[in-house]
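In: Any chance you could fold what I've pasted below:
(one chain, ligands or ions: 1)
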Amino acid sequence: MGGTALSETPHWLQNFLEDAVERKLCSKINCRTCGAPEFRNGLRAALQEAVGDRPVRRFADELDRVARALAQVQPYEADPRRFELAVRFILYEIWRQLGATMSELPIEPLVRGTWVGGVLRRMQEHFWTVMDLRAIHDDKNDPEKVRVRRLEAKRIRRENHARRLVQKQEQDRIWWQTHQRTSTERKRPEID
Ligand SMILES: [Zn+2]
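Out: The predicted structure is shown next:
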């Protein structure tokens with residue numbers, strides 16, 4: 001058996017996070033330089049210790065426990081910026097491991113109203129902003145839509161040109177009529 005609530009160290013996540021921040025472990029989301037292995041391994045070890053003897057592979061498999069710990073996490077005044085980045089890393093990792101969308105993160109109801117709930121909400125807002133911008137970008141660059149817009153612009157140019165041509169022919173006709181009726185002294189009007 002094992003892994004009961006009794007074996008759980010209180011504030012195991014807070015302790016891990018503060019320690020990671022103090023040791024300045026990289027917790028950059030999608031870090032291309034190092035991939036944040038120390039933070040990852042440390043987090044897994046801390047969770048494993050909290051769970052007990054049952055082996056833990058991903059912390060997404062222990063969502064309830066992680067969410068309960070996250071709900072208790074308080075900001076760390078000694079280094080609030082780095083601390084929040086570390087929390088964001090965990091939230092992002094849960095999201096990535098579950099393959100859910102950011103708006104459907106199942107831990108959301110469990111952390112709602114807590115400090116971590118606020119961090120999650122800001123991440124979601126950022127996520128939606130990015131997705132909106134991407135959608136606008138995709139729409140602007142969709143080859144079919146680009147083709148249709150080009151054809152439309154061409155059609156308008158052609159129509160405008162044809163209209164100007166008709167106007168000019170009409171002006172010419174009027175000019176010739178008046179010219180034939182009146183004195184040959186009159187100068188042909190300028191046509192734009
Ligand atoms: Zn890194």
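In: secondary structure class for Arg121?
Out: Using DSSP: H, G, I helix; E, B strand; the rest coil, the structure places Arg121 in helix.
In: can you pull the contacts of it?
Out: Listed by C-beta atoms under 8 Å, 6 or more residues apart in numbering, the contact set of Arg121 is empty. Backbone N, C-alpha and C define where each C-beta goes, glycine included.
In: With Arg65 as the reference, measure out to it.
Out: According to C-beta to C-beta, to the nearest Å, Arg121 and Arg65 sit 22 Å apart.
In: Below-threshold pLDDT in the chain: ranges please.
Out: Applying pLDDT under 70 to the chain flags the ranges 1-10, 100-103, 181-192.
In: Need phi/psi at the residue nearest the centre of the chain.
Out: For the chain, Val130 is the residue whose C-alpha lies nearest the centre (C-alpha atoms, centre = their mean; 2.6 Å). Note on Val130: backbone dihedrals following degrees, to the nearest 10 are phi -60, psi -40.
In: any idea how far it lies from Pro109?
Out: Counting by C-beta to C-beta, the gap from Val130 to Pro109 is 24 Å.
In: Spatially nearest residue to Ile14, not counting backbone neighbours?
Out: You called it Ile, but residue 14 is Gln. Val73 (5.4 Å; C-beta to C-beta, 6 or more residues apart in numbering).
In: and that neighbour, how many residues sit next to it?
Out: Residues near Val73, counting by other C-beta atoms under 10 Å, number 22.
In: State the distance from the closest residue in space to Thr114 that isn't next to it in sequence to Gln14.
Out: Nearest residue to Thr114, sequence neighbours excluded (C-beta to C-beta, 6+ apart): Ala71, at 4.8 Å. Separation of Ala71 from Gln14 (C-beta to C-beta) stands at 11 Å.
In: Cross-check the contact I'm expecting between the residue nearest to Gln14 and Leu13.
Out: Yes - the pair Val73 / Leu13 is scored as a contact, 5.9 Å apart, by C-beta atoms under 8 Å.
In: if I pick Gly117, what's in contact with it?
Out: The contact partners of Gly117, by C-beta under 8 Å, 6+ apart, come to 71, 108, 111.
In: Enumerate the residues of this protein near the ion.
Out: 26, 28, 31, 33-34 (C-beta under 5 Å from the ion).
In: what about 8 Å?
Out: With C-beta under 8 Å from the ion as the criterion, the chain meets the ion at residues 26-28, 31-36.
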